[in-house]
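Visitor: My questions concern the predicted model and sequence given below.
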Amino acid sequence: MAEGLTEFIRAAMRREFVWGEFDCILFCTDWVQITTGIDPAARWRGSYDSEASAQEIIDGFGSLTALCEEGYAGILELSAQQDAMVGVIKTPQGDTGAVRSGHSWVVLSEHGIGRLRHDVVTCVAAWRAPCQNQ
């Protein structure tokens, strides 16, 4: 999984941030789609094209965490933080989607890919694929 995550992050570094196509939340849902074969953002993908229109969708759910809970329902389960999972973290700029990689959360902004050490941000919620052996 780590090798796949590393390649995913490298590929993301070469992509341009575009609202509704490749943004902070779709970065996370792209990883979920790669790892599970299911697109948790299928009904929202491409339906917005700006930060304001993305915020309208989020506001319809009450929060980014609530939107993610809806999108990940039946695909992922809430979990403690671990490698290769997706989450919502608090940053100085506000809540954002992130993918956990080692000791950091990888985030996408309009400025590109960044890493935030897990011990300097607050994880609001985190999800992982259910264990196949359960």
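Guide: Happy to help now that I have it. Numbers count the residues shown, from 1 in each chain.
Visitor: Next, count neighbours for Trp19.
Guide: If you count neighbours by other C-beta atoms under 10 Å, Trp19 ends up with 17. Any C-beta I mention is one placed from the backbone N, CA and C, and that applies to glycine too.
Visitor: and it, what pLDDT?
Guide: We have a pLDDT of 97 for Trp19.
Visitor: my guess is it meets Ser50, correct?
Guide: Yes: taking contacts as C-beta atoms under 8 Å, Trp19 lies within contact range of Ser50: 5.3 Å.
Visitor: What is the worst-scoring helix or strand of the chain on mean pLDDT packed up against?
Guide: In the chain, no helix or strand scores lower on mean pLDDT, DSSP states H and E than helix 2-13, which sits at a mean of 90. When contacts are defined as 3 or more C-beta pairs under 8 Å, 6 or more residues apart in numbering; DSSP states H and E, helix 2-13 packs onto helix 24-36, strand 94-101, strand 112-117.
Visitor: With mean pLDDT, mean neighbour count and distance to Ile58 as new columns, can the ones you listed be given to me in JSON lines?
Guide: Below are the helices and strands packed on helix 2-13 laid out as JSON lines (pLDDT from 0 to 100; neighbours: other C-beta atoms under 10 Å; distance: least, C-beta to C-beta, whole Å):
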{"stretch": "helix 24-36", "mean pLDDT": "95", "mean neighbour count": "21", "distance to Ile58": "9"}
{"stretch": "strand 94-101", "mean pLDDT": "96", "mean neighbour count": "20", "distance to Ile58": "9"}
{"stretch": "strand 112-117", "mean pLDDT": "95", "mean neighbour count": "14", "distance to Ile58": "20"}
